[in-house]
Every structure is written in C-alpha cells, then in structure tokens.
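S.K.: only geometry, no sequence info:
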DNA sequence: TTCATTAATTGGAACGTTCCAAACTGTCAA
DNA sequence: TTGACAGTTTGGAACGTTCCAATTAATGAA
C-alpha cells in the first residue's frame, strides 16, 4: 500500500540511464536527447514516481514556498485578502503555508517560527493585534522578504500594502457634510492601533477643512466589533449636544451603531447618518444598506503577493510601501436617499 | 544580510561537541548530560540557529505538514471550516499548506500534486465541483490519508466528514408542514451533486411521510447562488398550482429566492415561507432573518482535522464516514413569527 | 589517420539532518 | 587487576536531489 518509495535512481535504473540524466529530464534541460527524454518520461509515469521537492530544496537551499499568516480568516475582509494572495502565489508556481492567528500574537510567533524551519522563501503577514517590531525583527534581519498587509507595524523597516484610510475617512466625512451634517462623530475601534489613528486623522482633517468642530469628545473608541458599535453609540447618545451622523471605524461597528440607534428609536439612514469602512459582503444586503468605504481586499492581496514575489526574485531589495486607493460607496445608511427624496418634493 | 547558513555542525563546533550531540539536544533526548544540554542551548540562541526541518524530513521520510484544499474560501461557510481545521492542526504541532481552488478541478489537481511533491503527511479536501474518483485515486492509492469534508466524491473509498443533509432537509420540511403549508418546493442547486441529492431526498421523504405531493415538478434546480435562486423562484412562480413555501438548496439560493419573491410583490416570511441551508453569517442579519439549517462548519473542520491526524498516526487505518448533526434555526423567513401573531389574535 | 568540436551522458560530492553501532568515561563489585 | 555496567558521546552512512567536472560517442576538417 504505502509504496511511495520510488526515487530518481529507481527511474534511472528502469530506464537504463544515470540518475543525472533523469534529473536533467526533470528540469527540462535542452541537453538531453529527445529519445531518452521520452523514454525517461514514460518510465516516470509507469512507476508513478513523485518528485521530492524537499530533497531538491535541501540541495539548492531555496524553496518555492511562501508563508501567509492572517489575523482572522472568519472575517470576510481577510478571507478575500487571502484569496487574492492565493491566486498570484499559485500562478507563480509557488505554494503557501497559510495560517490563521485569531489575533493571537503568541500563536502568530509560533507559526512564523515553524514556517521558517520549513524553509519559506518569504512571508506575507496581516499582523495580529499587539504585534511589535521586536517580534518580527529576527525574521526580517535574516534577509527573508516580508510584506505586511492591511495593518502596519510601527518601527519596522519592511514592505507593506495598506489601504488609504486617511483619504477614505476624509471622503466619507465630506459626503456627510455635503448632506448637511454639521456635528459628526467617529465611533469605534481601539485607539492604540495605526489603522485607527489614520482613519481618525482623515476624519479630523476633513472636519477642520470645512471649519467644523473636531474636538476629542467626538471620537469615541471601543472594540472594533458589532458589540463595540452598540457601546460607542450609547455613549454618544448620552452627549448633551448630540451629533447627527457618524463615521464608524469599520462595518462591524457600523452595524452595531445601527442596532444601538434603533433601540433608542432613532432610524439609521433617516434620522441619523451612518457610514462604515471596508465594504464587507453584508454591507450591501443589510437594512439599511450600508454606505461605506470600499477597499477591494482581493486586489490588495494580489498586490501584496506580487510585491513579495518581486522581492524574492530580486536578490536585493528595498522596503516598499504601497497604498491601495479606496472609494466611497454611497448606499442608504448615510441618508443620501432620504435627501434626494426631500429634494424631489421641494422641486 | 542573508546569513541563515548556520547549521548543526556550526553549533557543534562552537559548543565543542559533535553534531550528533547537538541533534540529540534538538530532539530533547534524555541521553544528554544537563551541562552539555545547557551549553548547546546557549550556543544555539547565540548563533541564531534555525532548525532545517526539510533536511530532517528527508532523512526520516516523514513530515509534519498537512494539506488543506478548499473549494471557495470567500464563502464564509468554507472559511469557517478552514479555521476549524487550522486550530487543531496547529495545536498538534503540524503546519498546513492551504489552497483555494475556486471550484476549479484542474487547479485543484495542480495544488494537490504540488503538495504531494512537498511531502505532506495527509490531506483534507473540500472538493471542487466536478472532482471525480479518478482524480483522487493515485493519491489515495499511495497510502497518504485523505479526508473529504463537506462534500463527498462518489466511488472513492476514503474518509469523509459531511453534514446530515437528509435529516436537516427533512426537519425543515416538517417545520413548514407544521406551519400549515401543503405545497412545498425545493429550489436551487445543481442536481448532479451528492449534496443536492441528499438534501432533496430528505425533502421528499418528509413530504411523503406526511402524505403530501412530492412530485418532480416541485424540485427546481439551478446554480447554487443568489442569481440561481432568483431564476429558480421565477420558474416556480410560473406554475399553475403555486407552492406556498420552499426549502432552498443553501442560504445563497434562499437570499435570491427572497429577491425574486419581492420583485413579484410577494413578501418572504409573510406571504411565502422560505428556509435556507448552512446558516451563513449573513443569515442572522438579513431582512427577513433567514430560517435555515445550521451545520457548525468550524466544528466540522475540527472533526475532519482530528480524523486526519488520527489516521496519520495510526500506521494503518480504515476509511471512516462521519456525519455531523444539524439543527433547524427558526427565524423569520419561514413565517413562524407571523403565525404566532395570528394565533395571538385568535386566542 | 589525427585532432578539434559538438552533443549527450555520467559519477561522485554536496545539502543538513537522523540513526546506528561503536567508543569513550567513570564507578563499583569481584 | 579485571570486568561489568550505566551514563554520555561520537563518527559515518544514509535520505533524494542538484551540480560540477569529466567522460564517451559521433562528426567533420585537416
């Protein structure tokens, strides 16, 4: 039963050539005669030979394996990201170790170490929360190309592909202003992350640009989840001078914000403008459909993988920072539809 | 920069022992003296030695790598499945090649071949549509443990973990009957798949058990997608004797069916009962919230991985077929809420 | 004939581990 | 003094490839 023991020497013997010749055939060298190539090919098929890439990697001390480590595969944003990477990695003839860390930095450390032992040629990492530059330093110093995606790690000189959180947030806020809102909040997300900081600065800058209030009390941080959204909006509703619209840290928070508004008998998209971030799949089908900043995660994944492969092939390389552009997708939750209706009546 | 060249002999030289001793330390053998163990350990850390698992695998001709191949990672059902597997594989000290096939059987063949060349110890496969027994035969015959998950491949004697489609479908239909429906359709899905067949038989059996019509015209197949759901419900609405409720092949189809009903001014969950299958994340938040058959994909993934590891460790093993139980989650789309309201009024 | 040239093939030494059998230490009993 | 024994350590041969230098065979020119 377990017979997968046929090696290149077995093939050589059966074909009446030397192992070197078989090796040459395997790598499609032009040195070998057509006749022998055919004969060897036939024997390979007949014997059910399977190439041992591990042995080859050992000899050549290089591999066609890349590591992909993602913080949360159950989040469709990161799943799409992974699929994008998978596509380009596969078509380049590479294969990937892929692991999910569930936002656990320790686990992340373990899988990266394990991948290293297995001899990966490069790593794409969507870091778990709490990842520090020190965690990654040894890997980076070893000269293995690393590309960070979706989230950055401050203090680490390494390539990255992130979305333009600043521009996205600013666009969303400008849209709300255009709809007539003058007091706008920023809800949800942990305020110690780089992503939060970037989006929040976009929010602030757009408000200031319009000469509006951008004070600290308008920024309410919380867990970046649905529950966090509920919590944040409750705190917001307790304010004396209530905002009339909010930009949320991400779509999950936005859904929570909608829940929270409804329990307070405020209808999102009618009485209050809500905008999310990421454009997860559910955003389109939710009620009200969520206005959100879309970031094409699959495209980001593809770009990250391309960057990594480029760095693997170049012997030497410099860290490169790519910023994926974003666009505002206007649906219902911001109240734009309502305004159009009002205008139609007025006209 | 690229210096990762330190091997076990370098460590041995630096520590003043032989490479054999270092190897012993590496595998935590009790043979080695505490003093030497400590010294070697220190040198290892100092030199930044990284273990070359590829070389070890070559020598021992076995690996701690498993393959996970999934047909569609962007589908949250399969993403959850993958995360479940990831958990148990990681905690068992294994690492996984993981690849997405996008339902492409050719690509699936390629990645499996590649994983084999890299020396995986076993494979968990959620097969792409159109996978035949012949595609997998060589792998299975080689003695490498294979576990199929979510979908089965007919004619292949290999372990599998699937959900109980028959019981789930039957439970859903019984629920609809209990709500007073007498004419029920089965909508969506390709009728040449094993999963379709199983769910459809559950549908039929429940109808016959209640003495209701279970004729062929009530089964309308289509693509197992949202668009397929729309198409199927349109065909259903053209029937002279219209059904009043439907069990859908999966949740995506169910969403499409709701769309289609609405375009015909029929309100799902009020004028027509809809039940889905799989309980994807969106099912809970959709409007109306989808009544559906829940299958705990993460749990299935865990069980599949456990089964695979068991078979890897057992030298010899028999194919084993696990059936994951399912439960009906009653929400709004079936009309149960409506009925309760009616009953309250009547009472 | 002889020699250079090209085309095709080959043996053996790597690559970084593990494993086996053998070889060192001491210690203690005979 | 010898031998038995346990506790440690070790050299070299694998594992299945690739690569280099070297060999052989065939052809053609001198």
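M.R.: That came in fine, so what should we check first? Owing to the predicted nature of the structure, the values given are computational and were not obtained by experimental measurement. Residues are numbered from 1 along each chain as shown, chains lettered A, B, ... in the order given.

S.K.: neighbours around residue A:156, how many?
M.R.: 19 (other CB atoms under 10 Å in any protein chain shown). In short, each C-beta sits where N, CA and C put it, glycine included.

S.K.: nearest spatial neighbour of it, chain-adjacent residues omitted?
M.R.: residue A:133 (4.3 Å; CB to CB, 6 or more residues apart in numbering or on different chains).

S.K.: on the pLDDT front, check that neighbour for me.
M.R.: For residue A:133, the pLDDT comes out at 97.

S.K.: for the one 3 residues further on, same thing?
M.R.: According to the predicted model, the pLDDT of residue A:136 comes to 97.

S.K.: contacting residues for the closest residue to it other than its chain neighbours?
M.R.: What sits nearest to residue A:136 in space, not counting adjacent residues and going by CB to CB, 6+ apart, is residue A:156, at 5.8 Å. Residues near residue A:156 by CB atoms under 8 Å, 6 or more residues apart in numbering or on different chains: A:133, A:136-137, A:140, A:148.

S.K.: make it 7 Å
M.R.: A:133, A:136, A:140 (CB atoms under 7 Å, 6 or more residues apart in numbering or on different chains).

S.K.: just the buried residues of those.
M.R.: A:136, A:140 (16 or more other CB atoms under 10 Å in any protein chain shown).

S.K.: nearest to DNA strand C among the contacts of residue A:156?
M.R.: residue A:140 (20.3 Å; CB to the nearest atom of the strand).

S.K.: packing partners for the helix or strand containing the closest one?
M.R.: Following DSSP states H and E, one finds residue A:140 within helix A:133-141. Counting by 3 or more CB pairs under 7 Å, 6 or more residues apart in numbering or on different chains; DSSP states H and E, the packing neighbours recorded for helix A:133-141 are helix A:105-117, strand A:146-149.

S.K.: and the angle from it to helix A:105-117?
M.R.: 10 degrees (axes from the mean of the first three to the mean of the last three CA atoms, to 10 degrees).

S.K.: how far away from the center of its chain is helix A:133-141?
M.R.: 20 Å (CA atoms, centre = their mean, to the nearest Å).

S.K.: and what of stretch A:37-46?
M.R.: For stretch A:37-46 - counting by CA atoms, centre = their mean - the centre lies 44 Å from the chain centre.

S.K.: in that stretch, which residues are buried?
M.R.: In stretch A:37-46, the ones that count as buried by 16+ other CB under 10 Å are A:37, A:39-40, A:43-44.

S.K.: avg pLDDT for that stretch?
M.R.: Mean predicted lDDT for stretch A:37-46 stands at 96.

S.K.: residue contacts, the closest residue to DNA strand D within the stretch 151-300 of chain A?
M.R.: Distances between the stretch 151-300 of chain A and DNA strand D by CB to the nearest atom of the strand are smallest at residue A:159, namely 27.4 Å. Neighbouring residues of residue A:159 by CB under 7 Å, 6+ apart: A:147, A:307, A:311, A:319-321.

S.K.: re the thing from before, could the contacts of residue A:156 go into JSON lines alongside distance to DNA strand C?
M.R.: Shown next, in JSON lines, are those (distance: CB to the nearest atom of the strand, whole Å):
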{"residue": "A:133", "distance to DNA strand C": "27"}
{"residue": "A:136", "distance to DNA strand C": "22"}
{"residue": "A:140", "distance to DNA strand C": "20"}
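
S.K.: just the closest of the contacts of residue A:156 to chain B, please.
M.R.: residue A:140 (10.2 Å; CB to the nearest CB).

S.K.: who's in contact with that closest one?
M.R.: Counting by CB under 7 Å, 6+ apart, residue A:140 has contacts A:146, A:156, A:158.

S.K.: would TSV of those with pLDDT and distance to residue B:265 be doable?
M.R.: Shown next, in TSV, are these (pLDDT from 0 to 100; distance: CB to CB, whole Å):
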residue	pLDDT	distance to residue B:265
A:146	98	56
A:156	94	57
A:158	96	56
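
S.K.: tell me what the residue of the stretch 151-300 of chain A closest to DNA strand D is bridged to.
M.R.: Assessed by DSSP bridges, residue A:159 has beta-bridge partners residue A:147.

S.K.: what sits up against stretch A:174-189?
M.R.: Here stretch A:174-189 has contacts from A:173, A:196, A:200, A:203, A:206-207, A:210, A:212-213, A:218-222, A:224, A:228-229, A:232-233, A:236, A:241, A:243-250, A:253, A:257, A:273, A:275, A:328, A:330, A:334-336, A:339, using CB under 7 Å, 6+ apart.

S.K.: ranges for the strands of chain A?
M.R.: All strands of chain A, identified by DSSP state E, fall at A:65-70, A:95-100, A:122-125, A:146-149, A:159-163, A:184-187, A:219-220, A:245-248, A:273-278, A:291-294, A:321-324, A:327-329.

S.K.: how about those, which one is nearest DNA strand C?
M.R.: That would be strand A:65-70 among those, by CB to the nearest atom of the strand, at 15.7 Å.

S.K.: list the helices and strands that closest one packs on?
M.R.: Short answer (3+ CB pairs under 7 Å, 6+ apart): strand A:65-70 packs on helix A:76-91, strand A:95-100, helix A:105-117, strand A:122-125.

S.K.: ok, the residue of the stretch 101-250 of chain A found nearest DNA strand C - contacts?
M.R.: Per CB to the nearest atom of the strand, residue A:117 is where the stretch 101-250 of chain A lies closest to DNA strand C, at 8.6 Å. Shown in contact with residue A:117 (CB under 7 Å, 6+ apart): B:50-53.

S.K.: likewise for residue A:9?
M.R.: residue A:19.

S.K.: please report how far it lies from DNA strand D.
M.R.: 6 Å (CB to the nearest atom of the strand, to the nearest Å).
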